[in-house]
Structures are given as C-alpha cells and as structure tokens.
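Chemist: What follows is a predicted protein model with its sequence.
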Amino acid sequence: MKLGLQLGYWSAQPPTNHAELVATAEEAGYDTVFTAEAWGSDAFTPLAWWGRETSRMRLGTSVVQLSARTPTACAMASLTLDHLSGGRHILGLGVSGPQVVEGWYGQKFPKPLARTREYIDIIRQVWARQAPVTSAGPHYPLPLSGEGTTGLGKPLKPIVHPLRADIPIMLGAEGPKNVALAAEICDGWLPIFYSPRLAPMYNEWLDEGFARPGARRSREDFEICATAQVVVTDDRASIMDLIKPHLALYMGGMGAEDTNFHADVYRRMGYSDVVDEVTRLFRNDRKEDAAKAVPDELVDDSAIVGDIDYVRKQIVAWEAAGVTMMVIGARTPEQINEAAALL
C-alpha cells in the first residue's frame, strides 16, 4: 500500500501551507502528490509550483477536466511537466459533469465515454511523436476542416520530444462503464468515494475492462488510488460532524438535481433515501440540516475515522479490497506523518 497526498483545489483564497505539506510528504515517504481543479484554480500550475521543491514524489493531477483543454493542449502541459520533474508526472483525467462542462467551459457534455477514448488516443499520439497527430473525430477532429474554417489546418508533431511516451494516465471514474474504460485504456483508476464494502462490484467493472481486446493493463500492474479521509482520533463523533458537510455538498449540491454522479455513487451503496433527503435539504438552502441527515455509517463507508487500532485494521481492509494507494486529504504536517506511521 502506497500513500498519496491530495491537495485538491483552492477555495476562496490560495492555501498558505501547501508548500509545507508537500515537503513533509516528501520526507515521510509518500509516493505521489495530487492536485485538482473545479471552476477556480487549475491543477497544473500548483502542481508545478509546489512540485519543484520535490525530488522523489510523483506529481499527479486528480483530476484535470477534459473540457478545460483540447487534448493536444493537455498533452503539451503533461509533457512539459514530465520533463521538468524528470519523468515523475501522472495525468489524471475526468469528464466532470454537464453543469460545469456546458455552464463553465461552454462545451457539449453528451457522449462522455466516447469523448474520453478519443481524447486519450490523441494525447498518446502526441507523446509517441511517431507521426503528425490526426483524428477522424467526431469530437476532436484534427486537423479541423469544413464550414467556418480556412482549410489550412496541418497535422503537426510536438516540437518538444517528450521525455516519456508512456506517461501514466489515470481516470477519475464513478460509474460502471467509465470504470471499465479506465481498466481498458488507462494505467489507473482515481475513485473519489471508494468503499471497500463494494469491492466485488468494482472488480466486476474492472474485470470487464481488463478482458477487452487490446487492454493496456492487467490487475497486476493497474493502480487504484483512492482518495479518503483518514483520521486517527478518540473523538469519532466530532470528526464525523466535520466530514458530513463535505459529503452533503457532493451528494446534494454538486451537479444537477437529477444528474449528480457523486450522488449515484452513494445510491449504489444503498443510501438512496439519504441522498434524496440530503438533496432536498441542500437545494432548499438548508445546508446544516443536510449535513445532519448524513448518517455515521455512510461516512464509515468511504472514510476511516477512529483510534489507531481501528484505522490500521481499515487500511488493511482497503488494501485487501484492491486499493494500491491511499490518497490522504491531510491538512497539517502532523496528519501526514501520522498516516505515514500507520504504514
């Protein structure tokens, strides 16, 4: 079991202690530091800024949104960061949701699976640098031609020779088809709300992808990097209360009321009634009540909170379920070192 540090994305203001967190994680033996993006700070810039102080940890995005960049622009950012880090970059991708894709980026959301497959194919063409990059589309045609264009588009190779043609790509996926796609064409899976209780279901999805012709990986060399709250405490109740508003936001406030992929994750866990109630309260601006409607057992399904013996046992259970890296959302150097001591 490896450890990762999840820095996430910024809130209203830039964080003040992320340089210290990254330095502590590097010293404590963490494998990877991840950054994220929503509709504020981007993922690549903070990763490069704080990653420049590291010499060993891998630098991963968890995740960058497909619609934020064309596939060639994303490939450029990744090959640049891979060079600067000496071959330590991981590209974590995700489709986001229709509210962000169409409301923030002004792009079309439908056919996310087909778009993901085409996007990754183009990225790998850039990194391979074996021929000028082309794509028949329909989502990212290269070169672009037809009505409204000059007709002068030319297939190009990247000027820079990528350091690696096989930069790892991991997919932030929550539904069965997307998880299977990750197993088929990617190097890892980045679940945001993983529950070891559902490992048999996840394994069915993954095995479907591994069994497809031309699958890139097998279970033996595929990474599952699960983001989780891991807190050692004798006061479970207080920590649970701190986590519940975060879960209520994702269950009840992220995405459209009837199209929320995070909520769907908890429905698969058996919490449909809870999701409905949390959504109703959250969308009626009763956010505190929405958090209170989240039961402790739901928190337990995707977080590890308890005394040191309980946390150790749970980490073993997550590893037995197939998780290869626990990605910790630590906020202090003490929490980073505490998690490292557990492993």
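Modeler: Done, it's in.
Chemist: ok, which stretches of this protein are helices?
Modeler: 18-28, 44-51, 71-84, 98-103, 112-128, 176-185, 199-210, 236-252, 261-268, 272-282, 287-292, 296-302, 308-320, 333-342 (DSSP state H).
Chemist: Of those, which is nearest Ala226?
Modeler: Minimum separation from Ala226 across the helices of the chain (Cβ to Cβ) falls at helix 308-320, 6.9 Å. Glycine gets a C-beta too; all of them are placed from N, C-alpha and C.
Chemist: Now tell me what touches the closest one from outside.
Modeler: 1, 194, 196, 226, 228, 230-232, 304-306, 326, 342-343 (Cβ atoms under 8 Å, 6 or more residues apart in numbering).
Chemist: can we see that at 7 Å?
Modeler: Contact with helix 308-320 is made by 1, 196, 226, 230, 232, 304, 326, 342-343, as judged by Cβ atoms under 7 Å, 6 or more residues apart in numbering.
Chemist: In that helix, which residues are buried?
Modeler: 311, 314-315, 318-319 (16 or more other Cβ atoms under 10 Å).
Chemist: same question, stretch 297-309
Modeler: By 16+ other Cβ under 10 Å, the buried positions in stretch 297-309 come out as 298-306.
Chemist: cool, and stretch 187-197?
Modeler: Neighbour-count burial for stretch 187-197 flags 187-196 (criterion: 16+ other Cβ under 10 Å).
Chemist: And for stretch 104-113?
Modeler: 105, 107, 109, 112.
Chemist: now, the most widely separated pair of these?
Modeler: By the measure Cβ to Cβ, Tyr105 and Pro112 form the most distant pair in the buried residues of stretch 104-113, at 13.2 Å.
Chemist: For the residue nearest in space to the middle of the chain, list the residues it contacts.
Modeler: Nearest residue to the geometric centre of the chain (Cα atoms, centre = their mean): Ser62, 3.5 Å. By Cβ under 7 Å, 6+ apart, the contact set of Ser62 is 6, 34, 36, 92, 172, 190, 327.
Chemist: Number of residues surrounding the closest residue to the last one other than its chain neighbours?
Modeler: This means Val327. The spatially closest residue to Val327, leaving aside those adjacent along the chain, is Gly4, at 3.9 Å (Cβ to Cβ, 6 or more residues apart in numbering). Gly4 has 25 neighbouring residues, counting by other Cβ atoms under 10 Å.
Chemist: same check, this time on Ala183
Modeler: Ala183, neighbours per other Cβ under 10 Å, totals 28.
Chemist: go on, Leu342?
Modeler: Leu342, neighbours per other Cβ under 10 Å, totals 17.
Chemist: How much space separates it from Met251?
Modeler: According to Cβ to Cβ, to the nearest Å, Leu342 stands 28 Å off from Met251.
Chemist: go on, Glu53?
Modeler: Using Cβ to Cβ, Glu53 is found at 36 Å from Met251.
Chemist: same deal with Cys74?
Modeler: 29 Å.
Chemist: Contacts only, for the nearest residue to Cys74 once chain neighbours are set aside.
Modeler: Closest residue to Cys74 apart from its sequence neighbours, by Cβ to Cβ, 6+ apart: Ile123 at 6.2 Å. By Cβ under 7 Å, 6+ apart, the contact list for Ile123 reads 71, 74-75.
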